[in-house]
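K.L.:
Quick one, fold the following:
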Amino acid sequence: WFYILNYLGSSAYFMSTRIWAKSKAEMQQTLENFSVHNAFCTVESDRPAIYANIVALMRASKKVKRKSSSREALEAFDQEVRMNLMSQFNRLFGRFAFSHVEYIILSATVWFPGYVDSWSRISVGDTTWREIAGDRVLDMFWLF
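P.N.:
Residues are numbered from 1 along each chain as shown. Predicted coordinates for the structure are as follows:
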């Protein structure tokens, strides 16, 4: 059972990691190519009002000069989104697929059946604590 559970757990882990990596790459690509002109707008008739609000925001936040054109303000907004959202995206998600706690949980689902198996061998008398400890140390080397 250990090998079957180990295989299933590892397969699920690698598939979810691959799916997450592809999704993350797509999100990064979308952010890198962001343009307010290409953004999805549910009610297309609202687009001029949205643009006007963006222009007002960029002027009020002094990201562009007060007398700058709407086109310049929208371009500055695009640049702001690309730079700030990309850095926040990278800070939030980092380069790894999962957080440290998630890695621990995933590792526990893979390694725990082996530990239970080892402990049961001690109670039966088939092995010693020293052999079990040696096996667990070797297991740790496989992690790195």
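
K.L.:
Could you pick out the longest helix of the chain?
P.N.:
helix 2-32 (DSSP state H).

K.L.:
Show me what it is packed up against.
P.N.:
With contacts taken as 3 or more C-beta pairs under 8 Å, 6 or more residues apart in numbering; DSSP states H and E, helix 2-32 sits against helix 86-93, helix 100-124. For glycine as for every other residue, the C-beta is placed from the backbone atoms N, C-alpha and C.

K.L.:
ok, Lys62 to Ala76 distance?
P.N.:
Relative to Ala76, Lys62 is positioned 11 Å away (C-beta to C-beta, to the nearest Å).

K.L.:
between the two, which one's more packed in?
P.N.:
Just comparing Lys62 and Ala76: by other C-beta atoms under 10 Å the higher neighbour count belongs to Ala76, 19 against 8.

K.L.:
Near the nearest residue to Met27 once chain neighbours are set aside, how many other residues are there?
P.N.:
Leaving aside its sequence neighbours, Met27 sits nearest to Phe89 (C-beta to C-beta, 6 or more residues apart in numbering; 6.8 Å). Neighbour count for Phe89, taken as other C-beta under 10 Å: 15.
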